[in-house]
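Engineer: whatever this is, show me its structure:
(chains A and B)
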Protein chains: 2
Amino acid sequence: MCAQLSSRSHLLPESPFRQLLPYAETAKKKGIDVIHLNIGQPDIPAPAAALEAIHEAFYDKLPYSHALGIESLREQFAAYYSETSIKVNPADVVITNGSSEGLYFVLFSLLEAKDEVLVFEPYYANYSGFAVMADVTLRSVTLHVENNFDLPSSEVIEQSITPKTKAILFTNPCNPTGRVYEYEEMKRLGELAIKHDLLFIVDEVYRVFSFGKACPSVLEIPELRDRCIVIDSISKRYSACGARVGTIVCCNPLLLTGIDRLCKLRLSAPFVGQLFAQAALEDTSDYIKKVKKAYQRRRDLVYQRLTQMPGVETYLPEGAFYGFVKLPVENAFHFCQWLLEQFSHQGQTVMMAHGAAFYLTPGMGINEVRLAYVASEERLNQAMDCLEAALQQYPHSTLTPVIAHEAR
Amino acid sequence: MCAQLSSRSHLLPESPFRQLLPYAETAKKKGIDVIHLNIGQPDIPAPAAALEAIHEAFYDKLPYSHALGIESLREQFAAYYSETSIKVNPADVVITNGSSEGLYFVLFSLLEAKDEVLVFEPYYANYSGFAVMADVTLRSVTLHVENNFDLPSSEVIEQSITPKTKAILFTNPCNPTGRVYEYEEMKRLGELAIKHDLLFIVDEVYRVFSFGKACPSVLEIPELRDRCIVIDSISKRYSACGARVGTIVCCNPLLLTGIDRLCKLRLSAPFVGQLFAQAALEDTSDYIKKVKKAYQRRRDLVYQRLTQMPGVETYLPEGAFYGFVKLPVENAFHFCQWLLEQFSHQGQTVMMAHGAAFYLTPGMGINEVRLAYVASEERLNQAMDCLEAALQQYPHSTLTPVIAHEAR
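Structural biologist: Numbering: from 1, shown residues only, chains lettered A, B, ... in the order given. Got it, this is the predicted structure:
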């Protein structure tokens, strides 16, 4: 026994964001400059006022906070979410150890073991692991880059709703595609949730980063008030992934009672991260506006470069800071590994996350990758130079020489 | 459905440390000074050098660390644990969001659902909740204050080992009793673990706080090298419960592979908490020595006061900062609530955790409480004044007037 893992441990997927890290380390040891587009770790500095708050606040110890979060922080978040049309009270906001914990707490406390959760693939790859932890089953509806990742008709979606389905879970703007689902699309999904009595769980960690049209919060839809749950985090919007401060927002007090017990069990979210969050929410500078502009410029750059590469199929992301791209390769995982192990271009290479991990359906995403725009425009251009050169050199390209020639 | 919690949510126990907080809030609003001995939140300032590190370090964002923890911190911890007789490598140390997460990760990744874990009651109450989260079953062997919480004979312990038992879990020094289990006792338990092929999980978060005899780490027992797992945390020893930095130490690489995936899934432990931990481990002042002395003085004070109270049965704790006490009351939960709702003594009252939550066996601990010595000697004296006066006034005392008289 002491030489065994549990069977459920074997069900936990490998992280597509970190699985290739050992190869990246080896590349770095060879002197290669690895441009990391594999993980959504923002490179942009955090709000100065929030960093100052950590440096300047007085604390002579690092205490537990209230299990549900520092009360004044919950008040600040309630005010922030009340900018939507649903009035959010401090009691409706729970501070979690990042959105990761929030998502797990929601799945564990609101679903029975073996219940089903409807997701749209490609979806945030870690949902698969949280489902294993909470012993629930994901069931997916496939979206396609060719259709701009549009949601299919309600009839098609309903084909994946079974008597075991208890929740819809999705990210808006979508990680990994960057697609923004607008008010009417959300509402249509919401009608399905009402019809089939499903929880409506929306991961809104990228909501402030939408380019062009604004990304609506599910809290804008009063009909969903009692069944919607927002999963959120300060990680992306304030470049504070290591703060480990997320939120669960839920205006149905009964649904929060199980989450309350889980919070008390793990005692506290991080104290300093919460101080940082307080100052970030108080910050009246135009930090978010500037950051959004930076991501938009990067998106434009990467999109433009990708569209010039023969055989690459892509889509203009409307939000978040990811691109999800079909490459002219047989196997994107192998290609990503090859990029780290056997390739370099002017001393550089690029690390990306392979697409299959963002799908439930076997065989899907096999030639796709996710890129995170978390590097400067200069570095992103270098990363695109690498990708372009690599696709020309890669021995398992699916581009026929003729097509490759024509495309040039 | 949207008006329901999952059945497993209902299995999560209420937190005995926080369950009565609403009553404490009400008492405070009435102007009563509530002395909090209910939760193990140290009041002693954290090491100055570690706080300075947070204030002075340069960071322009709060990034994810490596999923298993900042590498140099894992090296520091490995050196710290290598002071025992087992050589610990950085790869054997995983940084967790406090010991809470560590314990859950161990139970989830190493046990099958419905496996049994042997514990000694009274045990740290939150183990019950982590067992629900990991879908494993606790089975307990009862220890008694009358026997100084000695472990029973191996034969008696074996009566609680079934074919489903896959692990022994205990805290040393014990939370809630303060009992320190010595090398020979650990070794005897370890023999049982080897005989029945059990994992040996030891929660050592209070290990530095032992008064008199030193508390051995399980890492001192080479025979257990491949099956022992240490759960640890900086929360208590550096007054940093809100840092959310714990460790799992395990020298069997296979056992860590499941934990590795869980860590990657939740991405990162808190960044600033890890900076704090690095500086705390580097601190060469005699901080721990001083803090230990302070807790020892408090223990002596509380023990001496308790032994003078009629009908109170107690035991001299050898470590940690708790006392576990039998009171002359019918129901300690009711008594603790009454202390907050209906009692005050010179404008003060005391909050404690009720004992039943530290037992698995129904009916056990019903007249017991846990007190945490996390207040100054002056405040502890005031708390004892409150307790003494309360036991005389409490209408459901089990002290007969004659006994009460005799005891005086």
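
Engineer: if I pick A:Phe209, what's in contact with it?
Structural biologist: By CB atoms under 8 Å, 6 or more residues apart in numbering or on different chains, the contact list for A:Phe209 reads A:173, A:236-237, A:291-292, A:295, A:319-321. All C-beta atoms are positioned from the backbone trio N, CA, C, and that covers glycine.

Engineer: could you list which of the residues you listed belong to helices?
Structural biologist: Residues of the contacts of A:Phe209 located in helices (DSSP state H): A:291-292, A:295.

Engineer: near chain B, which residues of the stretch 201-350 of chain A show up?
Structural biologist: A:226-227, A:239-244, A:252, A:254-255, A:257-258, A:261-262, A:264-273, A:276 (CB under 8 Å from any CB of the partner chain).

Engineer: try it again with 7 Å
Structural biologist: A:226-227, A:239-244, A:254, A:257-258, A:261-262, A:264-268, A:270-273, A:276 (CB under 7 Å from any CB of the partner chain).

Engineer: give the buried subset of the residues you listed as a PyMOL selection command.
Structural biologist: This is the PyMOL syntax for the buried subset of these, where burial follows 16 or more other CB atoms under 10 Å in any protein chain shown:
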select buried, chain A and resi 226+227+239+240+241+242+243+244+258+261+262+264+265+266+267+268+270+271+272+273+276
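
Engineer: what ranges do the helices span in chain A?
Structural biologist: Here chain A has its helices, by DSSP H, at A:7-11, A:21-29, A:48-56, A:71-81, A:98-110, A:126-134, A:154-158, A:183-195, A:253-266, A:271-282, A:287-307, A:332-341, A:377-393, A:401-407.

Engineer: okay, domains of chain A per the record?
Structural biologist: A:7-45+A:287-407, A:48-282 (automatic domain parsing).

Engineer: off-centre distance for the first one?
Structural biologist: Same thing as domain A:7-45+A:287-407. Distance, stretch centre to chain centre, for domain A:7-45+A:287-407: 16 Å (CA atoms, centre = their mean, to the nearest Å).

Engineer: run through who's touching stretch A:15-24.
Structural biologist: A:34, A:38-39, A:125, A:336-337, A:340-341, A:351, A:353-354, A:357, B:67, B:264-265 (CB atoms under 7 Å, 6 or more residues apart in numbering or on different chains).

Engineer: distance of the closest residue to A:Gln296 other than its chain neighbours from chain B?
Structural biologist: In space, and not counting its chain neighbours, A:Gln296 is closest to A:Phe211: 4.5 Å by CB to CB, 6 or more residues apart in numbering or on different chains. A:Phe211 sits 22 Å away from chain B, taking CB to the nearest CB, to the nearest Å as the criterion.

Engineer: if you rank the contacts of stretch A:15-24 by neighbours, which is first?
Structural biologist: Counting neighbours by other CB atoms under 10 Å in any protein chain shown, A:Ala353 comes out on top of the contacts of stretch A:15-24 with 29 neighbours.

Engineer: touching, it and A:Val369? I think so.
Structural biologist: Yes: contact criterion CB atoms under 7 Å: A:Ala353 and A:Val369 qualify, at 6.5 Å.

Engineer: sorry, back to before: which one of the helices of chain A has the lowest average pLDDT?
Structural biologist: Among the helices of chain A, helix A:401-407 carries the lowest mean pLDDT, at a mean of 49.

Engineer: what residue lies at the spatial centre of chain A?
Structural biologist: Nearest to the mean C-alpha position of chain A, by CA atoms, centre = their mean, lies A:Asn175 at 4.2 Å.

Engineer: surely that residue meets A:Glu204?
Structural biologist: No: between A:Asn175 and A:Glu204 there is no contact under CB under 7 Å: 10.7 Å.

Engineer: in the stretch 301-408 of chain A, what residue lies closest to chain B?
Structural biologist: Proximity of the stretch 301-408 of chain A to chain B (CB to the nearest CB) peaks at A:Val374, 10.5 Å away.

Engineer: just to revisit the earlier point, any chance of the domains of chain A in JSON lines, with distance to B:Glu25 too?
Structural biologist: Below are those laid out as JSON lines (distance: least, CB to CB, whole Å):
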{"stretch": "domain A:7-45+A:287-407", "distance to B:Glu25": "35"}
{"stretch": "domain A:48-282", "distance to B:Glu25": "11"}
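
Engineer: of the ones you listed, flag the one that's most buried.
Structural biologist: Between those, domain A:48-282 has the highest mean count of neighbours, a mean of 21, where neighbours are mean count of other CB atoms under 10 Å in any protein chain shown.

Engineer: now the end-to-end length of it.
Structural biologist: Taking CA to CA, to the nearest Å, domain A:48-282 runs 12 Å from one end to the other.

Engineer: spatially nearest residue to the residue of the stretch 301-408 of chain A closest to chain B (excluding sequence neighbours)?
Structural biologist: The shortest distance from A:Val374 to any residue other than its chain neighbours is 4.9 Å, reached at A:Asp43 (CB to CB, 6+ apart).

Engineer: per-residue pLDDT, the one you found?
Structural biologist: For A:Asp43, the model assigns a pLDDT of 95.

Engineer: what's the most distant pair in the contacts of A:Phe209?
Structural biologist: Among the contacts of A:Phe209, the pair separated by the greatest distance (CB to CB) is A:Pro173 and A:Val291, at 14.4 Å.

Engineer: and stretch A:313-322, average pLDDT?
Structural biologist: 96.

Engineer: CA atoms only: put that stretch into CSV for me.
Structural biologist: C-alpha atoms of stretch A:313-322 as CSV (Å, rounded to 0.1, in the frame of the first residue of the first chain):
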residue,chain,number,x,y,z
GLU,A,313,-5.9,28.9,-38.1
THR,A,314,-6.7,31.5,-35.5
TYR,A,315,-9.5,33.8,-34.2
LEU,A,316,-9.4,37.4,-32.9
PRO,A,317,-9.8,37.1,-29.2
GLU,A,318,-12.3,39.6,-27.7
GLY,A,319,-11.1,39.4,-24.2
ALA,A,320,-8.7,37.8,-21.6
PHE,A,321,-5.1,37.5,-22.7
TYR,A,322,-5.0,34.2,-24.6
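
Engineer: contacts for it, please.
Structural biologist: For stretch A:313-322, contacts defined as CB under 7 Å, 6+ apart pick out A:40, A:145, A:148-149, A:173-180, A:206, A:209-213, A:215, A:295, A:299, A:303, A:306-307, A:323, A:325-326, A:370-374.

Engineer: phi and psi next, for the residue nearest to the centre of chain A.
Structural biologist: phi -100, psi 110 (degrees, to the nearest 10).

Engineer: list the contacts of the spatially closest residue to it that is not a sequence neighbour.
Structural biologist: Once flanking residues are discounted, A:Asn175 sits nearest to A:Tyr124: 4.7 Å by CB to CB, 6+ apart. By CB under 7 Å, 6+ apart, the residues touching A:Tyr124 are A:171, A:175, A:203.

Engineer: and with 8 Å instead?
Structural biologist: Contacts of A:Tyr124 (CB under 8 Å, 6+ apart): A:171, A:175-176, A:203, A:358.

Engineer: for A:Pro16, see how far away the residue of the stretch 1-150 of chain A found nearest chain B is.
Structural biologist: Across the stretch 1-150 of chain A, no residue is closer to chain B than A:Ser9, which sits at 3.3 Å (CB to the nearest CB). Distance from A:Ser9 to A:Pro16, counting by CB to CB, to the nearest Å: 18 Å.

Engineer: so A:Asp43 touches A:Tyr373, yeah?
Structural biologist: No: taking contacts as CB atoms under 8 Å, A:Asp43 lies outside contact range of A:Tyr373: 9.3 Å.

Engineer: residues from the stretch 51-200 of chain A in reach of chain B?
Structural biologist: Residues of the stretch 51-200 of chain A lying close to chain B (CB under 8 Å from any CB) are A:51, A:54-56, A:59-65, A:67, A:97-98, A:100-101, A:104, A:108-113, A:126, A:129-130, A:133, A:135, A:166, A:197-199.

Engineer: cutoff 7 Å now
Structural biologist: For the stretch 51-200 of chain A, the residues in contact with chain B (CB under 7 Å from any CB) are A:51, A:54-55, A:60-65, A:67, A:97-98, A:100-101, A:108-113, A:126, A:129-130, A:133, A:166, A:197, A:199.

Engineer: circling back: farthest pair within the contacts of A:Tyr124?
Structural biologist: Checking these with CB to CB, the most distant pair is A:Asp203 and A:Phe358, at 13.7 Å.
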